[in-house]
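Visitor: Sequence first, then the predicted structure, then my questions.
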Amino acid sequence: MESIYLAIVLAPLLGAAVAGLLGRQVGRAGAHSVTIAGVAVSFFLSAYVFWQHAVAGAAPYNDSVYTWLVSDGFRFEVGFLVDRLTALMMLVVTFVSFMVHIYTIGYMRDDPGYQRFFALISLFTFSMLMLVMANNFLQLFFGWEAVGLVSYLLIGFWFRRPSAIYANLKAFIVNRVGDMAFVLGIAALVLHTSSLDYATLFARADELSGITLSLLPGTEWSLLSVACILLFIGAMAKSAQVPLHVWLPDSMEGPTPISALIHAATMVTAGIFMVARMSPLYEHSVAALGFILVIGAITAFFMGLIGLVQNDIKRVVAYSTLSQLGYMTVALGASAYAAGIFHLMTHAFFKALLFLAAGSVIIAMHHEQDMRRMGGLGKYMPVTYVTALIGALALIGFPGFSGFFSKDGIIEAVHLSATPGAGFAYVLVLAGVFVTALYTFRMFFMVFHGEERFRHAPPPEHGHDEDHGHHGHHGSGGEPRESPWVVTLPLVLLAIPSVFAGYLIGPLLFGDFFNGVLQVDPSRDVLAELGHHYHGVWGYLAHGLMMPPFWLAMAGLVSAWYIYLRRPGIARVARERLPWLHATLERGYGFDAFNDAVFAGGTRRLGQFLWRFGDALIIDTLLVNGSSRAVGWAAGRLRLGQTGYLYHYAFAMIIGLLGLILAFAL
């Protein structure tokens, strides 16, 4: 199997190398052919690996494939850990990436950076596979940083646009903040185990739980609590949790295909996967779990509220991603790791679907992204309309769609949890169901129903067309029409798991699929308790129809229909009567302003102070120029003693000799 695992990882890397290094030689068709072929190989082999582990019952694979360095007995290796968790992640990553690669042919068809884009998204897939297949922290960190680097390049893909450069720098810097904590967490574990290997760390988890650290005088902290919180801070940046979430909405500056790939199946899910993989460590720290639970709940609710005031179609979906990542994080904090991974899987399908559907709309609207200039597109784009509706229903948790099963599982798990902060988290995730349905169908109704506002809309204010050379249908004078098959085919294929993936709830949440992979303390095993009341998919569906999440979702859907279709004046009145609330949400609670003023602005001011005081005054004036002036002054004084008279030198020698005699005599 080792050769299969290597092929899964290396096939996208080979495609990226050919498209990136030989792009001019192979041309556009060659670039997309070789990268799609590489990702297709990874997908079909990943499907085979998943079948082997999920159906055929293959034993987990955990071995080193390459030793990079051995220093004083400490081994730095590249190795694979492939179990059911890894196999599931590999399948999700490669399938979504495969769909995005095909979609990109249509979306980026006129872009001058066509080959470069295909090389980067294929490299992104390779990086994520290295991360999820790692069996040690060295390889995990390599994949962790690689997805960050490639996301930087992709968010700023249209590098002539200042907003894109600002967005990719923002993503890079915010993730460096999280990565500092991430490295410290790894270092704390390695310091006490002398190993980077997962299996070694997990085997010594009980021993590590008894070790304390004195971080402050007179205080003792659990080593695992400190390490797990530091690791999670790294995940907060990668998976965009408050307050390290600020980079994700701005990542919309990248082309839509990469928005789908980042938000659905790669970078932002890395943090969720990492915490689930480290469950044997996190289960020894209630403090870390409580911290995770509260951060996730705050993100789930408050980031969803911001989606209500966004008018850019991609930014609405971006804030939806932030909110849904909060739900996954809440599941991790409640020790319902399987529920978090289950929602990660279903979310990957329907969120990729929504992003790509948004991209299809953007193409039809000549790359117009403002929903206030859309409306009534449903009859012009039937395939996009139906698939977007499926994605929207899955996102709000409509019964029978994949999001219903995974999101309800999280909410019920939090309701049963006794982890500190669970009551607070339950209220927020429950309220978040209403908010999710409201902003999701606000977007859906504004885009596909109502007045055809694009007929009297002014030309787009942004310069997307100039940036990447697209030529949409509406902007060229014709009616909006359905996108080509390379765009709609991935939509249809993603719509299928967006409906049916949730029916795997039995084995994934209440079965033995993750046995021996995700470890949970029996006293906190809320999914086991929930499983006692599980009587099959249809029973779960019937039970869900009587629970608060269903009615809150329906209330949000009906409210969106009434406010944005039947009585659109209500939204305008609300903005006029509550301008402070609207402004607060539009500004994202002031996180960006605070970061710009305190962190970015403060850092610049500190740098200017250090330059003026340290560099200009201390180094230049005192050390460099001052020392040279002092030497010149001293030389000038000493030069006066060089008279050229012999008796002067003899006198100086006598005085020196007397000084030496006195020094030794005393």
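Guide: Structure's in. What do you need? Residues are numbered from 1 along each chain as shown.
Visitor: what about the nearest residue to residue 484 once chain neighbours are set aside, helix or strand, and which?
Guide: Nearest residue to residue 484, sequence neighbours excluded (C-beta to C-beta, 6 or more residues apart in numbering): residue 106, at 5.0 Å. C-beta: built from backbone N, CA, C; applies to glycine. Assessed by DSSP states H and E, residue 106 sits inside helix 84-107.
Visitor: from the chain's centre, how far out does that helix sit?
Guide: Helix 84-107 has its C-alpha centroid displaced from the chain centroid by 16 Å (C-alpha atoms, centre = their mean, to the nearest Å).
Visitor: And it, what does it pack against?
Guide: Counting contacts by 3 or more C-beta pairs under 8 Å, 6 or more residues apart in numbering; DSSP states H and E, helix 84-107 packs against helix 2-21, helix 23-54, helix 114-132, helix 256-264, helix 267-277, helix 337-364, helix 485-500.
Visitor: Only the buried residues of stretch 367-374, if you could.
Guide: Neighbour counts over stretch 367-374 (16 or more other C-beta atoms under 10 Å) mark 367, 368, 369, 370, 371, 373, 374 as buried.
Visitor: what do you get for stretch 525-545?
Guide: By 16+ other C-beta under 10 Å, the buried positions in stretch 525-545 come out as 525, 526, 527, 530, 534, 540, 541, 544.
Visitor: ok so, going back, ok, the residue nearest to residue 484 - how many residues close by?
Guide: Using other C-beta atoms under 10 Å, residue 106 has 19 neighbouring residues.
Visitor: returning to what we had before: out of the buried residues of stretch 525-545, which one has the lowest pLDDT?
Guide: Lowest pLDDT of the buried residues of stretch 525-545: residue 534, 87.
Visitor: For it, list the residues it contacts.
Guide: Taking C-beta atoms under 8 Å, 6 or more residues apart in numbering, we find residue 534 in contact with 506, 509, 510, 540.
Visitor: Surely it is in a strand?
Guide: No. Judged by DSSP: H, G, I helix; E, B strand; the rest coil, residue 534 forms no part of a strand; its state is coil.
Visitor: and it, how far is that from residue 96?
Guide: 28 Å (C-beta to C-beta, to the nearest Å).
Visitor: what does residue 536 give?
Guide: 29 Å.
Visitor: got it, and residue 415?
Guide: 30 Å.
Visitor: So which of those two has more stuff around it?
Guide: A side-by-side neighbour count of residue 415 and residue 96, using other C-beta under 10 Å, places residue 96 first with 28 against 18.
Visitor: Tell me where the stretch 201-350 of the chain has helices.
Guide: 205-209, 223-238, 247-250, 256-264, 267-277, 279-282, 286-306, 313-333, 337-364 (DSSP state H, counting those that start in this stretch).
Visitor: how about those, which one is nearest residue 607?
Guide: Shortest distance between residue 607 and the helices of the stretch 201-350 of the chain, using C-beta to C-beta, is found for helix 247-250: 21.5 Å.
Visitor: And the residue nearest the centre of the chain?
Guide: When C-alpha atoms, centre = their mean is applied to the chain, the residue found nearest the centroid is residue 268 (2.1 Å).
Visitor: Can you list the low-confidence ranges for this structure?
Guide: 457-478, 599-600, 614, 616, 666 (pLDDT under 70).
Visitor: Apply 80 and report the result again.
Guide: For the chain, the stretches flagged by pLDDT under 80 are 72-73, 215-218, 263-266, 455-479, 595-627, 637-645, 647-649, 665-666.
Visitor: so where's the longest strand in it?
Guide: strand 61-71 (DSSP state E).
Visitor: Check which element follows the helix or strand that residue 630 is a member of along the chain.
Guide: Following DSSP H and E, one finds residue 630 within helix 626-639. Using DSSP H and E, the helix or strand that follows helix 626-639 in sequence is helix 646-665.
Visitor: who's in contact with that following helix?
Guide: If you take C-beta under 8 Å, 6+ apart as the criterion, helix 646-665 is touched by residue 641.
Visitor: try it again with 6 Å
Guide: Contacting residues not belonging to helix 646-665 are not present [C-beta atoms under 6 Å, 6 or more residues apart in numbering].
Visitor: Number of residues surrounding the closest residue to the residue nearest to the centre of the chain other than its chain neighbours?
Guide: Leaving out its chain neighbours, the residue that sits closest to residue 268 by C-beta to C-beta, 6+ apart is residue 239, at 5.2 Å. Here the number of neighbours of residue 239 (other C-beta under 10 Å) works out to 31.
Visitor: cool, the one 5 residues further on as well?
Guide: The local packing of residue 244 (other C-beta under 10 Å) involves 24 other residues.
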